[in-house]
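J.: Provided below for reference: sequence and predicted model.
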Amino acid sequence: MKLRHPLKALQCLILLLAFFAALNGVLDVPIHKLGMEKVAAANQTYLEQSMDKAVSGFLILSGIKTGLAVVEGSEVGIGFNLQIGDIVQSVYDYVDIAWKTALAGGTVILITRLLLQAVDLIDHWFLVLTFGFGFLVVLAHWLFPRWVRANRLMKDATFFLAVCAVVFYVVFPFSIAGAAFISQKITGPLIDESQRSFEGIKEEFSVETINRHIFSSDSAGEESSIAGLILKGKMAGIKEAIEAQAEYFKDKSRNIAIWTLQLIAGYLFDSIIFPVIFFIFLFVIVKGALLYLFEDRRQQAFS
């Protein structure tokens with residue numbers, strides 16, 4: 001058959017060579033050399049460090065929550081009951097929220113790591129399919145120009161596969177990298193400060209310390225504990241002891257509330273908002289560029 005369109009033949013040849021190169025993994029080498037390998041390594045390091053940070057914060061908050069749980073809902077008294085848990089209720093609520101935040105943040109980070117691993121497995125095949133369908137589109141348009149509907153469907157499929165390939169190879173990794181960069185400048189210090197603050201009060205809210213202050217009664221050095229005052233019949237000092245403990249936990253609750261808000265804001269922006277913003281921004285740019293490359297879609301790109 002006489003070649004009426006040498007350019008079509010050249011396009012078919014280039015796309016066919018690109019298909020086999022992508023199938024054998026040859027195209028992944030220059031892609032990695034252009035910097036994507038460094039981006040992937042940086043993302044992996046960032047997610048591992050973030051995961052370690054989230055687990056450490058979760059363990060610290062678990063220790064504090066355990067100590068407060070001993071008091072929350074407890075009662076002491078002889079002939080009457082005294083609800084000691086009311087003293088620490090507000091502090092316990094804040095710590096519980098921070099604990100759930102650390103758990104959710106760690107879960108989101110783990111899901112992100114799994115998504116990166118999944119993307120690393122399938123991005124290669126989307127690149128292969130993109131060149132394969134691109135070859136079929138050019139070949140069909142050249143040999144069967146009257147198959148308008150079939151050509152239209154294959155071209156749409158090629159466009160979809162091209163978008164997916166670029167998203168998996170470029171958009172998703174760079175959205176994580178951009179979020180990591182912003183995190184180091186803004187949200188990372190917030191999370192670190194909150195976790196250091198919680199770690200600083202971990203000993204004060206341990207089970208042993210709270211038991212010593214509230215429930216101990218068998219030691220001469222624990223005259224001021226609420227349980228000790230009740231058992232020794234020092235009713236006059238019970239009110240003062242309760243007020244002192246309530247004031248202590250009130251002062252702590254304000255700081256804990258601030259640390260909890262910082263932790264929530266840090267994980268919210270670090271794990272969700274920043275990656276999503278970068279992803280949407282890069283996706284819009286990539287999709288617009290691909291729309292322009294598909295000749296009959298230029299008008300849609302402008303709109």
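T.: Arrived safely.
J.: every contact and neighbour count from this point should use C-alpha atoms.
T.: OK.
J.: in the stretch 201-303 of the chain, where is pLDDT below threshold?
T.: The stretch 201-303 of the chain contains residues with pLDDT under 70 at 207, 210-246, 294-303.
J.: try 50 this time
T.: 217-224, 228, 231-233, 297-303 (pLDDT under 50).
J.: and the helices in it?
T.: 207-210, 226-231, 235-268, 274-293, 298-302 (DSSP state H, counting those that start in this stretch).
J.: mind checking how far Gly288 is from Leu282?
T.: Distance from Gly288 to Leu282, counting by CA to CA, to the nearest Å: 10 Å.
J.: between the two, which contacts overlap?
T.: Shared contacts of Gly288 and Leu282 (CA atoms under 8 Å, 6 or more residues apart in numbering): none.
J.: Leu7 - how many residues pack around it?
T.: 11 (other CA atoms under 10 Å).
J.: and the helix or strand where it lies, how far out from the chain's middle?
T.: In the assignment (DSSP states H and E), Leu7 maps to helix 6-23. Offset of helix 6-23 from its chain centre (CA atoms, centre = their mean, to the nearest Å): 40 Å.
J.: show the backbone phi and psi for Phe205.
T.: phi -110, psi 20 (degrees, to the nearest 10).
J.: what lies in contact with stretch 153-160?
T.: 129-130, 133-134, 136-137, 290, 294.
J.: quickly note the distance from the residue positioned nearest the centre of the chain to Gly106.
T.: What sits nearest the mean C-alpha location of the chain, by CA atoms, centre = their mean, is Ser271, with 2.9 Å. As for Ser271, its distance to Gly106 is 9 Å (criterion: CA to CA).
J.: and Tyr248, by the same measure?
T.: Tyr248 is 31 Å from Gly106, by CA to CA.
J.: before we move on, what about Leu7?
T.: Counting by CA to CA, the gap from Leu7 to Gly106 is 53 Å.
J.: also Val39?
T.: Counting by CA to CA - Val39 and Gly106 are separated by 22 Å.
J.: ok, these two, which is more surrounded?
T.: The neighbour count for Val39 versus Gly106, taken as other CA under 10 Å, is higher for Gly106 (24 against 17).
J.: what helix or strand is that one on?
T.: Here Gly106 is assigned to helix 85-143, by DSSP H and E.
J.: quick check: what element follows that helix along the chain?
T.: helix 148-166.
J.: quick check: angle from that next one to helix 274-293?
T.: Calculated by axes from the mean of the first three to the mean of the last three CA atoms, to 10 degrees, helix 148-166 forms an angle of 140 degrees with helix 274-293.
J.: what residues of helix 148-166 count as buried?
T.: 151, 154-155, 157-159, 161-166 (16 or more other CA atoms under 10 Å).
J.: for the helix or strand that it is followed by, name the packing helices and strands.
T.: Next helix or strand after helix 148-166 toward the C-terminus (DSSP H and E): helix 172-182. If you count contacts as 3 or more CA pairs under 8 Å, 6 or more residues apart in numbering; DSSP states H and E, helix 172-182 packs onto helix 37-71, helix 274-293.
J.: contacts for helix 172-182, please.
T.: 39-40, 42-43, 46, 116, 270, 274-279, 282.
J.: please apply the same query to stretch 7-25.
T.: 3, 27-28, 124-125, 127-129, 131-132, 134-135, 138-139, 142.
J.: just give me the closest of those residues to Ile111.
T.: Distance to Ile111 across those (CA to CA) is lowest for His124, with 20.9 Å.
J.: which residues are in contact with that closest one?
T.: 22-23, 25, 28, 165.
J.: can you show me the CA trace of stretch 250-262 as PDB?
T.: The C-alpha coordinates for stretch 250-262 follow below in PDB (Å, rounded to 0.1, in the frame of the first residue of the first chain):
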ATOM      1  CA  LYS A 250      -7.200  23.600  85.400                       C
ATOM      2  CA  ASP A 251      -3.800  25.200  84.800                       C
ATOM      3  CA  LYS A 252      -2.700  22.200  82.900                       C
ATOM      4  CA  SER A 253      -5.800  21.900  80.800                       C
ATOM      5  CA  ARG A 254      -5.300  25.300  79.200                       C
ATOM      6  CA  ASN A 255      -1.800  24.300  78.000                       C
ATOM      7  CA  ILE A 256      -3.000  20.900  76.900                       C
ATOM      8  CA  ALA A 257      -5.800  22.500  74.900                       C
ATOM      9  CA  ILE A 258      -3.300  24.700  73.000                       C
ATOM     10  CA  TRP A 259      -1.000  21.700  72.300                       C
ATOM     11  CA  THR A 260      -4.000  19.700  71.100                       C
ATOM     12  CA  LEU A 261      -5.100  22.400  68.700                       C
ATOM     13  CA  GLN A 262      -1.600  22.600  67.400                       C
END
